[in-house]
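K.L.:
sequence and predicted structure, then a few things I'm wondering about:
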Amino acid sequence: MQVINTAVQLLESGLEIDLLLIDKSKLYFEAINNKLNTITIDNFKYLSPLQIIKLRFVLNNRKYDIIHSHFSKDLWLLTPVLKWFGFGTPLILTKHVGSFINKKDSLHRYIYSRVDLALAISRVIKKNLEDTTPLKPNKIELLYSGIDDEKFNPEKVTKNRLREEYKLSKDTILIGIAGRFSPGKGHEEFIYACEILAAKHKNLKFIIIGESSYGESKYGKKISEMPAALGIEDNFIFTGFRKDMPEVFNSLDIFVFPSHAEAFGLTLVEAMCMGLPSVCTASDGILDIAVDNETSFLFERENYVELSQKIEQLIISKELRDRFGSNARKRVISMFTKNIYIDNLISLYKRFATK
């Protein structure tokens, strides 16, 4: 969706955009739904002669100013075409997730040799690019993703929808977590922390938004059964997948983001944009977003006791919740909006397209 959203925003900014996609893929249908121009290949294979020839004809006919890839695997198609047939089109790569594979061997040095610039969505991804790829530091830059700050605007979104939906009293403090049910997202730590808090405070409800990823229903079942096993099921609400996330966020008092490792964390950015105070893991891309004791409290990864202590500080102090929430929205507006992202991206395009 980041690819689709970026393409739509670039189109709205007056650029001509084509998306090169695998035919009949999910991304292809999303592109069609968003009225984006598409060029398709039948499948993806490493160093596929048929796809290389097809792409050569596309590049000959269209004369692009920039090629921007969002997946490093694409380089196995793009680099041969650009190098073998002498295309000088600048190639930019955005790296969205880290890799544990060392790519500094001779083959990968060749595959990465045609990359003019790699964009990292966080500092941890920038370091990962430096550590695992043959790219020189001067070919790697940081470019944060952005969200729609008007869509996630607490002044323009219905408030307390979840409270009304689940008939919660006004004095209930609603504490939520959002994301797919997947190992490493911190659901277990959240629930264990809630067990500690429920024993000390009587006006709490904990809400879990999301559902299992494909192939992870067993893990999802485990998470959904944990509150009952701990005897705190009355404190919990499981909403399943929700499309109305701005309204969901605008019903919460505190947002918790306990993920073990995130390249960035757009859900956290969205919650902060809605003016929510948060408690977050002190690791990876989260450190680019949340500021300890200013927008959020940070806690040690997987330490649910510390997590409960940090949440409790926000439970006790409404003044602290309000201050963190106000600071959180200001930080997002100054750093992580879609307009900032697109303006910076277009500036990069112009820098390389004029070479």
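P.N.:
Yep, that arrived.
K.L.:
what's the closest non-adjacent residue to D288?
P.N.:
S122 (4.7 Å; CB to CB, 6 or more residues apart in numbering). All C-beta atoms are positioned from the backbone trio N, CA, C, and that covers glycine.
K.L.:
isn't the one you found right next to L129, touching?
P.N.:
No: contact between S122 and L129 fails when scored by CB atoms under 8 Å: they sit 10.8 Å apart.
K.L.:
name the residues contacting each of those two.
P.N.:
Shared contacts of S122 and L129 (CB atoms under 8 Å, 6 or more residues apart in numbering): none.
K.L.:
the residue nearest to D288: how many residues sit nearby?
P.N.:
25 (other CB atoms under 10 Å).
K.L.:
need the contact list for it.
P.N.:
142, 144, 263-264, 284-285, 288.
K.L.:
do you know the pLDDT at it?
P.N.:
At S122, the model reports a pLDDT of 96.
K.L.:
from here on, count from 25
P.N.:
All right, first residue 25 from here; so that's S146.
K.L.:
quick one: it and E240, what's the gap?
P.N.:
Distance, S146 to E240, using CB to CB, to the nearest Å: 25 Å.
K.L.:
got it, and E179?
P.N.:
Distance, E179 to E240, using CB to CB: 37 Å.
K.L.:
compare neighbour counts for these two and give me the winner.
P.N.:
With neighbours defined as other CB under 10 Å, E179 and E240 compare such that E240 has more, 16 against 8.
K.L.:
tell me the contacts of that one?
P.N.:
Counting by CB under 8 Å, 6+ apart, E240 makes contact with 204-207.
K.L.:
care to break the protein down by domain?
P.N.:
26-170+362-377, 185-359 (automatic domain parsing).
K.L.:
so which of these is the most packed in?
P.N.:
Most buried of the domains of the chain, by mean neighbour count (mean count of other CB atoms under 10 Å): domain 185-359, with a mean of 19.
K.L.:
right, and L99 touches V105 too?
P.N.:
No: taking contacts as CB under 8 Å, L99 lies outside contact range of V105: 10.4 Å.
K.L.:
where's the residue nearest to the spatial centre of the chain relative to K194, distance?
P.N.:
Closest residue to the average C-alpha location of the chain: L290 at 3.7 Å, with CA atoms, centre = their mean. L290 is 31 Å from K194, where distance means CB to CB.
K.L.:
what do you get for I28?
P.N.:
39 Å.
K.L.:
ditto for S248
P.N.:
With CB to CB as the criterion, S248 and K194 are 28 Å apart.
K.L.:
just E235 next, same as before
P.N.:
Counting by CB to CB - E235 and K194 are separated by 29 Å.
K.L.:
before we move on, the earlier item: take the contacts of E240 and write them to a markdown table, including pLDDT and distance to S341.
P.N.:
Putting the contacts of E240 into a markdown table (pLDDT from 0 to 100; distance: CB to CB, whole Å) gives the following:
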| residue | pLDDT | distance to S341 |
| --- | --- | --- |
| R204 | 89 | 31 |
| F205 | 91 | 31 |
| S206 | 90 | 32 |
| P207 | 91 | 33 |
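K.L.:
which single one of those is nearest to Y134?
P.N.:
Set against Y134, the nearest of those by CB to CB is S206 (34.8 Å).
K.L.:
OK, contacts around that closest one?
P.N.:
236-237, 240, 243.
K.L.:
before we move on, what about S241?
P.N.:
So S241 contacts nothing (CB under 8 Å, 6+ apart).
K.L.:
which SSE is A252 in?
P.N.:
According to DSSP states H and E, A252 maps onto helix 241-253.
K.L.:
tell me the mean pLDDT for that helix?
P.N.:
So the average pLDDT for helix 241-253 ends up being 93.
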